[in-house]
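J.: Coordinates for the following, if possible.
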Amino acid sequence: MFYTLTGWECPGCGVQRALYAMLHGEFLQAVAYNPFLCLSVPYLLMALFVNFFTGRVAERISRIVYHPYVVWGFIALFFIWWFVRNLIK
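T.: Okay, the predicted model is just below:
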């Protein structure tokens with residue numbers, strides 16, 4: 001829908017295919033579908049871990065995951081990816 005309206009691919013284009021490929025162990029194919037998702041998975045898994053578990057390890061990870069520089073850096077990378085993916089296609 002976004003592509004039809006603007007002619008730009010959204011940052012999420014290829015996410016479902018990339019997740020399917022990752023779940024089947026085809027990591028190179030997943031990177032081909034959406035490289036940003038493949039880089040985001042470890043960060044998102046750590047954020048989920050921190051939300052569901054407690055303890056010293058979760059506390060240490062939460063300081064990293066929720067640090068303002070990390071959060072804003074992730075958001076900046078998201079928008080950079082959105083712009084770059086439309087330049088290379």
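J.: Which positions within whichever strand or helix holds V50 qualify as buried?
T.: Following DSSP states H and E, one finds V50 within helix 35-52. Burial within helix 35-52, assessed by neighbour count using 16 or more other CB atoms under 10 Å, is assigned to F36, L37, C38, S40, Y43, M46, A47, V50. Where C-beta positions appear, they are placed from N, C-alpha and C, glycine not excepted.
J.: quick one: average pLDDT of that helix?
T.: Averaged across helix 35-52, pLDDT comes to 91.
J.: Please work out the average pLDDT along the helix or strand that comes right after it.
T.: Following helix 35-52 in sequence order, the next helix or strand is helix 56-65 (DSSP H and E). Averaged over helix 56-65, pLDDT sits at 92.
J.: Just want the angle from the very next helix or strand once past helix 56-65 to helix 56-65.
T.: As assigned by DSSP H and E, the chain's next helix or strand after helix 56-65 is helix 68-88. Helix 68-88 and helix 56-65 are oriented at 60 degrees to each other (axes from the mean of the first three to the mean of the last three CA atoms, to 10 degrees).
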